[in-house]
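take a look and give me a structure for this.
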Amino acid sequence: MSELQDMFEKFPLLLPSNDNTVWIGVVLLKSQYQQVEIICPSFPNIENIQFNISTYENFNLDQFELNKIIEQFSKNANVLPEFLSSLIDVLNKSTGLLTLPQVNISHKINQDRFCSIIQEIKIWDKYVYDIEENLCFVTYKINDESGRQHSIKIHIPIEYPAIKKSLEFDATIPTFFMNSLLKINIISGLFEEFKNIIATLSHFWDLHDEIVNTCNLIGTYSLADVKYRIPIEKHVIAIIEIDPINHLSLPRIELYGRIEDTDKFQKRLNKFELNSIWSTDKSFKDNLMELFEIKDLASQYEEIENPIEEFEQNSNYCFICYGDLDKNSKKHTKVCANNKCDAVYHMSCICEWMLNSGSTPAFKHLQGKCPQCEEKLLVALEDFDIMKKN
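A predicted model of the protein is given here:
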């Protein structure tokens with residue numbers, strides 16, 4: 001057993017700093033909980049250790065005697081758990097007044113609140129990754145069946161647990177499952193539900209990894225995503241939405257592109273009973289290729305032998321709305337700066353896209369990413385209708 005684990009087991013109401021060199025909390029002295037601060041610069045070794053206590057009841061020791069005991073135990077004990085156990089045993093056996101000067105402990109705590117929260121946190125102590133010194137946040141980490149690590153960081157309100165309300169947290173899971181977590185107002189209950197969600201989603205995330213690694217996705221994705229942008233042909237994108245609970249079932253599919261490009265694929269989707277084509281025995285990519293009757297998925301990026309000629313061929317429609325572009329009014333169009341991407345946009349379309357993606361106008365410009373390849377784009381807003389709308 002490590003010294004850190006030993007401290008957690010023997011002194012469950014002491015809270016360590018991130019580097020374990022300062023421990024703050026309460027210990028049982030004279031049948032009462034006393035707030036203490038232990039400074040252990042060389043944890044777990046006890047060189048230059050300091051032991052501070054905020055209030056003093058009846059101890060038959062003075063400062064000089066206590067210092068002698070600390071010095072003696074420092075020689076006889078090698079690590080903090082052993083030292084602290086011996087010191088507390090001596091203090092509990094002493095009677096009389098401990099004439100220590102008043103000590104200013106850096107972090108004052110509400111003892112009842114502290115004890116209650118720490119005891120609740122440690123219901124799932126094997127998953128505790130970090131507890132912030134001021135007890136505002138606790139972070140749990142857990143692995144799913146495939147070894148992926150997941151974490152949830154829970155904000156602990158100052159009024160908790162006296163007043164319980166829905167807890168705020170940071171976690172990366174699909175939105176559908178977020179709703180169940182948002183209703184929980186108990187730390188241990190919130191982590192337990194998170195733990196159950198991780199177990200439920202483990203096989204869905206196996207599929208997620210397969211899609212990310214094999215399907216030439218456009219954009220970047222996290223474990224919270226259930227929709228994927230997959231290029232079927234150079235100018236046809238399929239938006240695939242997976243049901244994370246029934247992840248092997250036929251996904252929802254929407255096609256985006258010019259009508260002349262998407263028409264043949266849409267007819268195929270409308271013609272066949274898709275459930276008869278989609279098989280749980282095949283890979284996701286193989287299912288897509290059979291569904292659309294193609295030999296392979298398109299690449300996310302394609303080398304352009306002549307970028308200028310390619311731009312002239314494809315600059316007659318907007319890659320967002322697929323409407324016609326006016327080549328004679330180039331100031332109202334925006335071209336992606338990536339020379340491997342041939343995307344061109346109506347200025348109003350790309351501005352609306354960026355605004356809907358969370359971009360905020362600054363100095364009459366919008367900064368965002370190309371919807372096609374995610375290259376960074378900077379768009380000037382002056383003289384455009386989008387400014388009037390906002």
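
can you show me the helices along the stretch 251-390 of the chain?
Along the stretch 251-390 of the chain, counting by DSSP state H, counting those that start in this stretch, helices occupy 259-271, 274-277, 284-292, 307-314, 347-356, 385-389.

possible to save those helices as CSV with mean neighbour count, distance to residue 46 and mean pLDDT?
Where you see a C-beta, it was placed from the backbone N, CA and C, and this is true even at glycine. Below are those laid out as CSV (neighbours: other C-beta atoms under 10 Å; distance: least, C-beta to C-beta, whole Å; pLDDT from 0 to 100):
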stretch, mean neighbour count, distance to residue 46, mean pLDDT
helix 259-271, 13, 70, 87
helix 274-277, 12, 67, 83
helix 284-292, 18, 56, 93
helix 307-314, 12, 68, 47
helix 347-356, 20, 57, 81
helix 385-389, 11, 65, 46
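
let's have those helices in TSV, adding distance to residue 166.
Putting the helices of the stretch 251-390 of the chain into TSV (distance: least, C-beta to C-beta, whole Å) gives the following:
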stretch	distance to residue 166
helix 259-271	41
helix 274-277	39
helix 284-292	36
helix 307-314	49
helix 347-356	27
helix 385-389	35
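
of all the ones you listed, which one is nearest residue 188?
Closest approach to residue 188 among the helices of the stretch 251-390 of the chain (C-beta to C-beta): helix 284-292, 37.0 Å.

and the closest residue to residue 161 other than its chain neighbours, how far is that from residue 88?
Excluding its sequence neighbours, the residue lying closest to residue 161 (C-beta to C-beta, 6 or more residues apart in numbering) is residue 116, at 5.4 Å. Relative to residue 88, residue 116 is positioned 22 Å away (C-beta to C-beta, to the nearest Å).

now swap in residue 22 and tell me
Here residue 22 is placed at a distance of 18 Å from residue 88 (C-beta to C-beta).

for residue 261, same thing?
According to C-beta to C-beta, residue 261 and residue 88 sit 76 Å apart.

now do the same contact list for residue 283.
For residue 283, the contact set (C-beta atoms under 8 Å, 6 or more residues apart in numbering) comprises 210, 214.

how deep is the closest residue in space to residue 44 that isn't next to it in sequence tucked in, by neighbour count?
Nearest non-adjacent residue to residue 44, counting by C-beta to C-beta, 6+ apart: residue 3, 3.5 Å away. Taking other C-beta atoms under 10 Å as the criterion, the count of residues near residue 3 is 16.

show me the contacts for residue 254.
By C-beta under 8 Å, 6+ apart, the residues touching residue 254 are 238-239, 241.

now do residue 7 against residue 18, distance only.
Using C-beta to C-beta, residue 7 is found at 15 Å from residue 18.

repeat that for residue 124.
According to C-beta to C-beta, residue 124 and residue 18 sit 20 Å apart.

returning to that earlier point: more crowded one of residue 7 and residue 18?
Neighbours per residue (other C-beta under 10 Å) separate residue 7 from residue 18, with residue 7 holding more: 22 against 10.

ok, for that one, nearest residue in space, not its chain neighbours?
Excluding the flanking residues, the one nearest residue 7 by C-beta to C-beta, 6+ apart is residue 81, at 5.3 Å.

also residue 372?
The shortest distance from residue 372 to any non-neighbouring residue, by C-beta to C-beta, 6+ apart, is to residue 343 (3.9 Å).

likewise for residue 371?
The shortest distance from residue 371 to any non-neighbouring residue, by C-beta to C-beta, 6+ apart, is to residue 353 (5.8 Å).

which ones are touching that neighbour?
Residues near residue 353 by C-beta under 8 Å, 6+ apart: 320, 345, 368, 371.

format those as JSON lines; extra columns: pLDDT and neighbour count.
Formatted as JSON lines, those follow (pLDDT from 0 to 100; neighbours: other C-beta atoms under 10 Å):
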{"residue": "320", "pLDDT": "77", "neighbour count": "18"}
{"residue": "345", "pLDDT": "83", "neighbour count": "26"}
{"residue": "368", "pLDDT": "83", "neighbour count": "19"}
{"residue": "371", "pLDDT": "80", "neighbour count": "21"}
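
which ones among those are found in strands?
Among the contacts of residue 353, the residues falling in strands (DSSP state E) are 345, 368.

thinking again about what came up before, quick check: the residue nearest to residue 161 is in a helix.
Yes - per DSSP: H, G, I helix; E, B strand; the rest coil, residue 116 lies within a helix segment.

that one: neighbour count?
Number of residues near residue 116 (other C-beta under 10 Å) recorded here: 14.

which element is residue 86 on?
In the assignment (DSSP states H and E), residue 86 maps to helix 80-93.

so what are the domain limits for this protein?
Using automatic domain parsing, the domain parsing of the chain gives 3-109, 112-201, 227-292, 307-389.

and the ones you listed: which comes nearest residue 210?
Residue 210 lies closest to domain 227-292 among the domains of the chain, at 5.6 Å (C-beta to C-beta).
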